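# Sequence first, predicted coordinates after that:
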Amino acid sequence: MEFGRAFTYIFEDQDWLKKVGIAALVILIPLIGPIVLMGWGLEITKRVIYNDPTPLPAWDDFGGFVSKGFQAFVVSLAYSLPIILISVCAQGLTIGGASLMSDMDGDTVGMLVTVVMLCFTCVVLILAIGVGIIIPAALGNLAATGELGAAFRFGEVLGMVRAAAGPYLLSILGVFLATLVLAPVGSLLCGVGALLASAYTSAVGSHLYGQAYNVAKGAAPTM
């Protein structure tokens with residue numbers, strides 16, 4: 001897996017500034033902007049999977065990016081539902097605990113709510129790590145096949161994660177590093193810098209997802 005290349009391949013494209021710049025501006029489109037960016041990223045993942053010599057796509061298929069982005073959004077949302085539901089339950093518990101404190105011993109109820117909230121937090125953290133690894137594998141299946149159903153072949157997706165757990169963890173690390181490094185830079189350059197940083201981070205993560213997919217398929221060719 002070429003971890004470093006995910007951060008540099010962008011600059012190999014003669015039109016990289018134009019392509020990344022448009023991606024940054026697309027984020028500003030109300031409602032659908034981030035979804036379109038997801039579609040653009042999914043196309044990068046597909047090109048990496050199929051060894052396209054030009055992995056950074058031009059913006060000549062906006063409608064296609066909208067469609068792909070919506071599919072990627074559905075996949076990400078579906079896999080994130082357990083975390084969302086548990087978080088909602090935790091919020092409900094907090095509100096319920098606050099109302100009970102007025103009717104019961106406040107210290108006892110407060111302690112119980114704190115303990116339960118800590119348990120919820122631990123569960124959410126574990127789930128977040130698991131989902132963070134599974135979503136790139138599911139998106140890889142979607143990018144490679146163009147079929148939404150392929151992202152929900154749970155046995156296949158989990159098999160890919162088992163076959164290439166290290167590369168998928170590196171993918172998460174890569175996105176984290178890009179965000180960590182570029183966030184301060186983006187804030188110094190105000191809004192424009194933040195938008196460019198988001199577009200660049202999306203391109204980095206998408207490239208890493210494609211690489212991880214290829215490693216998983218190579219490690220388990222019979223999947």
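It's in.

# in stretch 20-28, what counts as buried?
Buried residues in stretch 20-28, counting neighbours by 16 or more other Cβ atoms under 10 Å, are found at V20, G21, A23, A24, V26, I27. Bear in mind the C-beta positions are built from the backbone N, C-alpha and C, glycine included.

# Enumerate every residue touching G174.
F3, A6, F7, V204, G205, L208 (Cβ atoms under 8 Å, 6 or more residues apart in numbering).

# Give me the buried subset of these.
Among the contacts of G174, those buried by neighbour count (16+ other Cβ under 10 Å) are A6, F7, V204, G205, L208.

# Regarding the first one, which helix or strand does it belong to?
Just to be clear, that refers to A6. For A6, the host element (DSSP states H and E) is helix 5-8.

# Likewise for the third one?
Using DSSP H and E, the secondary-structure element containing V204 is helix 190-219.

# What is that helix packed up against?
Applying 3 or more Cβ pairs under 8 Å, 6 or more residues apart in numbering; DSSP states H and E, we find helix 190-219 packed against helix 5-8, helix 16-26, helix 33-49, helix 106-145, helix 154-163, helix 165-188.

# ok, back up a step: may I see the buried residues of stretch 20-28 organised as JSON lines, with distance to C119 and pLDDT added?
Compiled in JSON lines, these are given as follows (distance: Cβ to Cβ, whole Å; pLDDT from 0 to 100):
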{"residue": "V20", "distance to C119": "43", "pLDDT": "94"}
{"residue": "G21", "distance to C119": "46", "pLDDT": "93"}
{"residue": "A23", "distance to C119": "40", "pLDDT": "95"}
{"residue": "A24", "distance to C119": "41", "pLDDT": "92"}
{"residue": "V26", "distance to C119": "40", "pLDDT": "94"}
{"residue": "I27", "distance to C119": "36", "pLDDT": "91"}
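
# how about these in a markdown table, adding distance to F120?
Formatted as a markdown table, the buried residues of stretch 20-28 follow (distance: Cβ to Cβ, whole Å):
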| residue | distance to F120 |
| --- | --- |
| V20 | 39 |
| G21 | 42 |
| A23 | 36 |
| A24 | 36 |
| V26 | 36 |
| I27 | 32 |
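
# what about E2, which SS state?
coil (DSSP: H, G, I helix; E, B strand; the rest coil).

# contacting residues for it?
Applying Cβ under 8 Å, 6+ apart to E2 gives the contacts Q211.

# just to revisit the earlier point, single out the most deeply packed of the helices and strands packed on helix 190-219.
By mean neighbour count, with neighbours taken as mean count of other Cβ atoms under 10 Å, helix 33-49 ranks first of those at a mean of 23.

# what's the average pLDDT for the helix or strand following that helix?
Next helix or strand after helix 33-49 toward the C-terminus (DSSP H and E): helix 62-100. Mean pLDDT, computed over helix 62-100, is 84.

# in helix 62-100, what's buried?
65-72, 75-76, 79-80, 83, 90, 97, 100.

# Looking at the helices and strands packed on helix 190-219, spot the one closest to Y213.
When these are compared for distance to Y213 using Cβ to Cβ, the nearest one is helix 106-145, at 3.4 Å.

# What average pLDDT does the closest one get?
83.

# residues in contact with S67?
Contacts of S67 were listed using Cβ under 8 Å, 6+ apart, and they are G39.

# For the residue nearest to R153 when sequence neighbours are not counted, give its distance to V20.
Nearest residue to R153, sequence neighbours excluded (Cβ to Cβ, 6 or more residues apart in numbering): N141, at 6.7 Å. N141 sits 26 Å away from V20, going by Cβ to Cβ, to the nearest Å.
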